[in-house]
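Colleague: Sequence plus the predicted model coming up.
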Amino acid sequence: MVLTFSAPGVSASAPVGTVAASESVHVEVTISGSTAVVDAQQKTAPDNSVTASGTISDLDKGAQTFRLGSTVVAGGGASITRGGASASFGDLVNGDRVAVRGMKEGGVVRASQIDAQPTSTPAPDVTYNGPVAGLAGACPTLSMSVDGKSVRTDASTVFANRNCAELRNGDTLYAIGPKQSDGAVLASKIYYVQPADPTVTVSGAASNVGGTCPAATLVVQGVAVRTTSATTFDGTKGCTALANGDSVIVVGAKQSDGSVVASRVTNATEPPAADTTLNGVIASLGGTCPAISMTVGGSPVKTNAATVFNNRICAELKNGDVVYAIGPKQSDGTVLASKIYYSATSEPVTLTGAVSSLSGTCPGVTMSVQGATVKTVSSTTFDGTKACSGLVNGDAVTVVGSKQSDGTVLASKVTNATPQPPADTTLNGVIASLGGTCPAISMTVGGSPARTNAATVFNNRACAELKNGDTVYAIGPKQTDGIVLASRVYYVAPNVTLAGTVSNLGGAWPVLTLTVQGTAVKTSSSTTCDGTKGCSLMANGDSVTVAGTPQSDGSVLASTITNATAAPASLTLSGAVSNFSGSSGCPAVTLTVQGKTVKTSSATTFGGTKGCTAMANGDSVTVVGVAQSDGSVAASKVTNATDPPIYGTIAGLTGTCPAVSMTLSGAPVKTTSATTFNNGACGDLKNGGGVYAIGVKQSDGTLLASQIYFPK
């Protein structure tokens, strides 16, 4: 339960813990501005049993009474501790903070147990509530402001409802802890407050569009909107096309600063109309350039200041000219031309011949055919055996187009009649019947005839080095006589195999050098490694088999390395984490499990209830890895079985320390000799007391606690 106080100049909150059904609570609070401090608190059950806490005042050692705020406590006959040690009533001091259990008798609480802490204990907790800003640092050590006040966290801070790594600027929190000498609160507890109604919908025109997708920013109906990688964009436009003026509907979560983090943005803006292309004779020309109207091939067209005129300027157009008009069709059926292409009015011409003087970039190329200069545009159609991008000098083409005033031909269609080159044939095998003089030689490759010429490219071995018995690939088109005219001949070096022990290992995978059977071996990115070790783990002394090709320098370029060295035995460790080096080094951290040093790396897999960054001393983990020569274990997998901490009031306490059983807010918890107790001892556990329990949930639903924390 959290109490909230509001008045002119006052806005403060204070948590009072869990209140059971039918239980009455009496709280005395000191409030200053936005800070609320609980001075005394009393909870009374229907059977008049009482738990109370606060600061001792009006101590009367003779009568053995004192006050907690306005509550009178009679301590005669009570069991008393002070500072964790057994004490008598005479040891109590005004100002001590105490926790009392007993029975209400009229206006007096008759105590059966009094646990006191001297006034030298840390400063009392203060509570801040409000939005987070200025969030900085790395979990668990953060700094921030909460409602404008400085707050810090450390490894002992408990995060409720949201873990440390999930906190964001704008989140609403309760930060509870003692104020430090620099005025900042060192939070022992951080409570995340889920927004009461986070989903809102705003619709309207987008403005102030900024950022880079998927993290865009915009304003809709005066509301600042942010998008993230989780935001869905639908409708007529995606994120990258979003523009000021677009009509959008935004659904998202309202933040504490009034902004909205969008989960969905639906764009209802009408898409631009597709271009329409008209071609024909101009008629009914009217208006003043650049805003003219006309019909093109009988269809209405108009232009404006944005229209681009090609081959003839606007003022030169006249009725009877042939043009292309390209642009979107408007609601009245008129095409608003973005481009006007003037075309000569003469009869179409046809040219047939070989292409020469080819230049330009498709679709706008120029060439010479039958001595005439030919130009193509985006509306030119290419068909036949080649498209525009495949056109080369020497191609046989037929051009249909219109002659322009400068004597050139504007092509409406180019048909390429050049025969397609025959598809390559690939021969692979041993050379025989080698004859001729380089570069024009003849041979059979795997029994099939082949020949070369001056255009043939020889790879890995020169033409003059080839001999009968060599293995080659011959690649080229098959001629009418059935012989392959090779455009490329690839010499294939014979494979060699080396087996032995690795020595002189050097380099970094994939480029390694090593010696096997006295022969230098080299690897590359195409080398395959198998067996008991990958090449990145290979070491001098490993037993390997190398398959590869001999090089001109006497070395072997390995195609395959098979490692037969016995693989290191895998081992498994299970237990509590200690000596954790900290999450800032993730994924490369060190820790101790079962007395062995464990090291992780980028190859380590983290599973279970926590990843690397959330790991902490005391976590229950299982480590699978390989023992190293220095006695450490290189982990391949770390599985964290630690369940989230449970906080609650102790009930049903049974057993003998260190092996006790209890429930915390109804959840069953057990401790063992391996359980660590923080800020107190096992013997301090009492029904009605509040503790945190961290551990692993068992198959019967019980939490086996590795750690118990007593709140300070």
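Modeller: Yep, that arrived. These numbers come from a predicted model, not from an experiment.

Colleague: From now on I want contacts and neighbour counts done on CA atoms only, so please keep to that.
Modeller: Will do.

Colleague: Tell me which stretches of the stretch 101-250 of the chain form helices.
Modeller: For the stretch 101-250 of the chain, helices defined by DSSP state H, counting those that start in this stretch do not occur.

Colleague: which residue packs closest to K712, ignoring adjacent ones?
Modeller: For K712, ignoring the flanking residues on the chain, the nearest one in space by C-alpha to C-alpha, 6 or more residues apart in numbering is N679 at 6.9 Å.

Colleague: Would you mind listing the residues in contact with that neighbour?
Modeller: Contacts for N679 were tallied using C-alpha atoms under 8 Å, 6 or more residues apart in numbering; they are 709-712.

Colleague: Can you redo those as TSV, where the extra columns are distance to S661, neighbour count and secondary structure?
Modeller: Written out in TSV, the entries for these read as follows (distance: C-alpha to C-alpha, whole Å; neighbours: other C-alpha atoms under 10 Å; DSSP: H, G, I helix; E, B strand; the rest coil):
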residue	distance to S661	neighbour count	secondary structure
Y709	16	19	strand
F710	16	18	coil
P711	19	14	coil
K712	22	14	coil
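
Colleague: How is the residue nearest to A291 when sequence neighbours are not counted assigned, secondary-structure-wise?
Modeller: Setting aside the residues directly before and after it, A291 is nearest to N304 in space (C-alpha to C-alpha, 6+ apart), at 4.4 Å. Look at N304: counting by DSSP: H, G, I helix; E, B strand; the rest coil, its state is coil.

Colleague: wait, doesn't N304 sit right on S293?
Modeller: No. The criterion here is C-alpha atoms under 8 Å, and N304 misses it with S293 at 9.4 Å.

Colleague: Settle it for me: which of the two has more neighbours?
Modeller: Per other C-alpha atoms under 10 Å, whichever of N304 and S293 has more neighbours is S293, with 23 against 15.

Colleague: List the beta-bridge partners for that one.
Modeller: G286, K302 (DSSP bridges).

Colleague: How about V250?
Modeller: Residues in a beta bridge with V250, per DSSP bridges, are V202, V265.

Colleague: Residue ranges in the stretch 501-650 of the chain under the pLDDT threshold?
Modeller: Within the stretch 501-650 of the chain, the segments meeting pLDDT under 70 span 552, 567-569, 629.

Colleague: can you give me the strands for it?
Modeller: Under the criterion DSSP state E, counting those that start in this stretch, the stretch 501-650 of the chain carries strands at the ranges 503-508, 511-516, 519-522, 528-531, 543-550, 556-563, 570-576, 590-593, 596-599, 605-608, 620-627, 633-640, 643-656.

Colleague: Save those as a markdown table, and put in mean neighbour count and distance to L358 too.
Modeller: Putting those into a markdown table (neighbours: other C-alpha atoms under 10 Å; distance: least, C-alpha to C-alpha, whole Å) gives the following:
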| stretch | mean neighbour count | distance to L358 |
| --- | --- | --- |
| strand 503-508 | 14 | 50 |
| strand 511-516 | 19 | 46 |
| strand 519-522 | 19 | 48 |
| strand 528-531 | 16 | 47 |
| strand 543-550 | 20 | 46 |
| strand 556-563 | 22 | 46 |
| strand 570-576 | 17 | 68 |
| strand 590-593 | 20 | 68 |
| strand 596-599 | 19 | 66 |
| strand 605-608 | 16 | 60 |
| strand 620-627 | 21 | 66 |
| strand 633-640 | 22 | 62 |
| strand 643-656 | 17 | 74 |
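
Colleague: Any idea which of those gets closest to V489?
Modeller: Closest approach to V489 among the strands of the stretch 501-650 of the chain (C-alpha to C-alpha): strand 543-550, 17.9 Å.

Colleague: and the closest residue to V308 other than its chain neighbours, how many neighbours?
Modeller: Distance criterion C-alpha to C-alpha, 6+ apart; nearest residue to V308, sequence neighbours excluded, is K339 at 4.7 Å. The number of residues packed near K339 is 17, by other C-alpha under 10 Å.

Colleague: Backbone torsions only: list them for K339.
Modeller: Here is the backbone geometry of K339 (degrees, to the nearest 10): phi -140, psi 140.

Colleague: Is it in contact with P328, as I believe?
Modeller: No. Checked against C-alpha under 8 Å, the pair K339 and P328 is beyond contact range at 10.6 Å.

Colleague: show me what contacts V261?
Modeller: Residues counted as contacts of V261 (C-alpha under 8 Å, 6+ apart) are 225-228, 252-255.

Colleague: could I get the residues you listed as TSV with pLDDT and neighbour count?
Modeller: What follows is the contacts of V261, written out as TSV (pLDDT from 0 to 100; neighbours: other C-alpha atoms under 10 Å):
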residue	pLDDT	neighbour count
V225	94	24
R226	93	20
T227	93	25
T228	91	16
G252	90	21
A253	87	19
K254	84	21
Q255	82	18
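
Colleague: Let's have those in TSV, adding distance to Y174.
Modeller: Compiled in TSV, the contacts of V261 are given as follows (distance: C-alpha to C-alpha, whole Å):
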residue	distance to Y174
V225	26
R226	25
T227	27
T228	26
G252	24
A253	20
K254	19
Q255	16
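
Colleague: Mind checking which of those land in strands?
Modeller: If you go by DSSP state E, the contacts of V261 have 225-226, 252-254 in strands.

Colleague: So which of those is the closest to G106?
Modeller: Top of the list for closeness to G106, among the ones in strands among the contacts of V261 and by C-alpha to C-alpha, is K254 at 50.4 Å.

Colleague: hang on, D257 in a strand?
Modeller: No. Per three-state DSSP, D257 lies outside any strand segment and is coil.

Colleague: now it: how far from G170?
Modeller: Taking C-alpha to C-alpha, to the nearest Å as the criterion, D257 is separated from G170 by 6 Å.

Colleague: the more surrounded of the two?
Modeller: With other C-alpha under 10 Å as the criterion, D257 and G170 differ in neighbour count, and G170 comes out ahead with 18 against 13.

Colleague: my read: the more buried one touches L135, true?
Modeller: No. With contact defined as C-alpha under 8 Å, G170 does not count as touching L135 (9.5 Å).

Colleague: and the strands of the stretch 501-650 of the chain as a markdown table, adding distance to S203?
Modeller: Written out in a markdown table, the entries for the strands of the stretch 501-650 of the chain read as follows (distance: least, C-alpha to C-alpha, whole Å):
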| stretch | distance to S203 |
| --- | --- |
| strand 503-508 | 58 |
| strand 511-516 | 59 |
| strand 519-522 | 65 |
| strand 528-531 | 58 |
| strand 543-550 | 67 |
| strand 556-563 | 63 |
| strand 570-576 | 53 |
| strand 590-593 | 52 |
| strand 596-599 | 53 |
| strand 605-608 | 43 |
| strand 620-627 | 50 |
| strand 633-640 | 46 |
| strand 643-656 | 41 |
